[in-house]
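*Asks:* Structure for the following, please:
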Amino acid sequence: MRRLFFACCAPAALVASALLSGCGGGSPQAVATKVAAAAPRAKGAAPAPSPAAKQALAHAAATTEGSTAKVHVSVVLTKPGQATTSHYLADGAVGPKGGTIRIDRSLLGAGIQHEVLVRQGGHLVVYTSPSGITLPAGKTWLKIDLTKYAQRRYGADTTFFAGSDQDPFQPLELLGSPVAQVKDLGLDWLPDHTLNTHYQGTVALLAAARAAGAKAGGLKQVRTDLGAPTQTVDVWVSKAGKVARVIVEGPARAPDGSTVTIRSTIDFTSYGSRAPVAKPPAKRVEDYFQLFSK
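*Replies:* Predicted coordinates:
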């Protein structure tokens, strides 16, 4: 199957591809990182989450299932030995119950890419425009079933380590992995002068993929696509029990094999706002799997 690689999937490795080598958002080198690590979805016994993890996940569930909100994402990529950093921004809106998310991502100097994420039938589906892949006449959006892609590439549903600029809720899902180490750091102030409860989790991606059900072949592919980094996820929860900020940080593998550091900051604001979030019109959509089966 042709490898996919979404540009700017933070905090996963191939954000580096977009920012260091200028790949487009749906280029043939782009999706593997988006779906290459995991939260636990495999059958069988697994360690129970810690009390801190349970608290963080309860707040995350309350946020994703009962809210509409606005989202702002800032991603900074640093490569050792380089004085400059790469930086991009994204803004979007979350539909009712977190089921549909719209993200408008601005790569500095490279225009804006639009994405709509939809959870349907247990699958995470992304629509991207422009796609970075040449589409048939009349088609302006590329549809990719990320759950289907992950199952084919890694042998497990690994979509729960999604790029925070594409699905800002997925770093929260990653805290649900039985291999996540989560602790309550107590009360902490955010830059907007609000007092929040601060949780911090660390997750080894290969271990998380294994917990999700990936076997030897899938784990080998994860290592090829991502390396074996450990991600840190910080979550701030407001007095109202809503997630206010998430920061995801960790090393990643660039296309040239070098190591980069990626830091994504996701801010949730304007809870209860009703910004319209809808799927693209079907006549403008081309399905990835149909496109590359032709």
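
*Asks:* so where's the stretch 151-294 of the chain shaky on pLDDT?
*Replies:* Residues of the stretch 151-294 of the chain meeting the criterion pLDDT under 70: 160-166, 255, 274-276, 294.

*Asks:* any chance you could map the strands in the stretch 151-294 of the chain?
*Replies:* Per DSSP state E, counting those that start in this stretch, the stretch 151-294 of the chain carries strands over the ranges 181-189, 195-204, 230-237, 243-253, 259-269, 285-287.

*Asks:* Can you give the distance of the fifth one from its chain's centre?
*Replies:* Between the mean C-alpha point of strand 259-269 and the mean C-alpha point of its chain there is a distance of 10 Å (CA atoms, centre = their mean, to the nearest Å).

*Asks:* now swap in the fourth one and tell me
*Replies:* In terms of CA atoms, centre = their mean, the centre of strand 243-253 is set 10 Å apart from its chain centre.

*Asks:* could you pull out the helices for the chain?
*Replies:* For the chain, the helices defined by DSSP state H cover 15-21, 51-66, 146-154, 170-174, 205-211, 216-226, 288-291.

*Asks:* now these as a markdown table including distance to Thr128?
*Replies:* C-beta: built from backbone N, CA, C; applies to glycine. As requested, the helices of the chain are exported to a markdown table (distance: least, CB to CB, whole Å):
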| stretch | distance to Thr128 |
| --- | --- |
| helix 15-21 | 12 |
| helix 51-66 | 22 |
| helix 146-154 | 11 |
| helix 170-174 | 16 |
| helix 205-211 | 24 |
| helix 216-226 | 19 |
| helix 288-291 | 9 |
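
*Asks:* Just send those helices back as a markdown table, with mean neighbour count and distance to Val237 too.
*Replies:* Below are the helices of the chain laid out as a markdown table (neighbours: other CB atoms under 10 Å; distance: least, CB to CB, whole Å):
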| stretch | mean neighbour count | distance to Val237 |
| --- | --- | --- |
| helix 15-21 | 24 | 26 |
| helix 51-66 | 18 | 4 |
| helix 146-154 | 22 | 27 |
| helix 170-174 | 25 | 10 |
| helix 205-211 | 24 | 22 |
| helix 216-226 | 18 | 28 |
| helix 288-291 | 16 | 36 |
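
*Asks:* Identify whichever of those lies nearest to Phe268.
*Replies:* helix 51-66 (7.0 Å; CB to CB).

*Asks:* name the helices or strands packed onto that closest one?
*Replies:* Helix 51-66 is packed against helix 170-174, strand 181-189, strand 195-204, strand 230-237, strand 243-253, with contacts defined by 3 or more CB pairs under 8 Å, 6 or more residues apart in numbering; DSSP states H and E.

*Asks:* quick revisit: what's the closest of the strands of the stretch 151-294 of the chain to Pro130?
*Replies:* Pro130 lies closest, by CB to CB, to one member of these: strand 285-287, at 12.0 Å.

*Asks:* rewinding a little: nearest approach to Ser106 belongs to which of the helices of the chain?
*Replies:* Between Ser106 and the helices of the chain, the tightest spacing by CB to CB is seen for helix 15-21, at 12.3 Å.

*Asks:* how close does Arg223 sit to Val118?
*Replies:* 30 Å (CB to CB, to the nearest Å).

*Asks:* ugh, typo on my part, it should be Pro130
*Replies:* Distance of Pro130 to Val118, given as CB to CB: 19 Å.

*Asks:* do the same with Ile144
*Replies:* For Ile144, the distance to Val118 - CB to CB - is 11 Å.

*Asks:* before we move on, what about Lys183?
*Replies:* To Val118, Lys183 is 33 Å away according to CB to CB.

*Asks:* Please say which of the two ends up with more neighbours.
*Replies:* More neighbours surround Val118 than the other of Lys183 and Val118, with 18 against 15 (other CB atoms under 10 Å).

*Asks:* partner residues bridging that one?
*Replies:* Assessed by DSSP bridges, Val118 has beta-bridge partners Thr100, Val125.

*Asks:* I'd guessed it sits against Thr100; true?
*Replies:* Yes - contact criterion CB atoms under 8 Å: Val118 and Thr100 qualify, at 5.3 Å.

*Asks:* which neighbours do these two share?
*Replies:* Contact criterion CB atoms under 8 Å, 6 or more residues apart in numbering; residues bridging Val118 and Thr100 by contacting each: Lys279.
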